[in-house]
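# how does the following fold in three dimensions:
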Amino acid sequence: MLWGCMSWEGVGHAAKIDGRMDSGLYYTILEDELLGSIKYFKKKCKDILFQQDNDPKHKSKLATSCFRDHKIEVMDSPAQSPDLNPIEHLWVHLKKKLSAYPTPPNGINELWERT
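Residues are numbered from 1 along each chain as shown. This is a model prediction of the structure:
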C-alpha cells in the first residue's frame, strides 16, 4: 500500500506501507510525510485545506489531534465519495512515470525505488 499527497505545486512525499495501516501509523505518516510536504512546498499549516476520505483511521482521535495541533483545516467529505477524490489523478501520474522504464520491476522493492 502507498500513502501519497499532492498540492497545486506538485506531488508531495509518499509513504510505503507494509501490512495494515492503523490510526497510529496514519498519525505517524501525517506527522512525517504530510508535514514534510507542507514544509517542502514552503507552505504554512494554517493555509492548508486537507482532503481525505471518511476511513475510520482518518477520523481517529490521533489524526484529529494532529490536524488540530498543527491548525490544518480538513475538508468535510460525504460518505463513499470516490468521484470527489483527486488522489486518483496522482495514481495516473505515478503509472505514467513507471511506464517510462523499459522493463517492469522485479518486485515490490524495485517498484518502490522507482517511485
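# only C-alpha atoms from now on, for both contacts and neighbour counts.
Will do.
# what's the longest helix in this structure?
In the chain, assigned by DSSP state H, the helix with the most residues is helix 87-99.
# can you show me the CA trace of the helix or strand just after that helix as CSV?
Downstream of helix 87-99, the first helix or strand assigned by DSSP states H and E is helix 108-114. Presented in CSV, the C-alpha positions along helix 108-114 are these (Å, rounded to 0.1, in the frame of the first residue of the first chain):
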residue,chain,number,x,y,z
ILE,A,108,7.9,-4.5,-4.6
ASN,A,109,11.2,-3.1,-3.5
GLU,A,110,12.3,-2.3,-7.1
LEU,A,111,8.8,-0.8,-7.7
TRP,A,112,9.2,1.4,-4.6
GLU,A,113,12.7,2.5,-5.6
ARG,A,114,11.3,3.7,-9.0
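# gap between helix 108-114 and the chain center?
In terms of CA atoms, centre = their mean, to the nearest Å, the centre of helix 108-114 is set 18 Å apart from its chain centre.
# neighbouring contacts of that helix?
Residues outside helix 108-114 that contact it (CA atoms under 8 Å, 6 or more residues apart in numbering): Lys16, Leu98, Pro105.
# what do you get if the cut-off is 6 Å, keeping everything else the same?
For helix 108-114, contacts defined as CA atoms under 6 Å, 6 or more residues apart in numbering pick out Pro105.
# and the longest helix of the chain, what's buried?
Neighbour-count burial for helix 87-99, counted by 16 or more other CA atoms under 10 Å, picks out Ile87, Leu98.
# repeat that for stretch 46-64.
Result for stretch 46-64 [16+ other CA under 10 Å]: buried residues Phe50, Gln51, Gln52, Asp53, Lys57, His58, Ser60, Leu62, Ala63.
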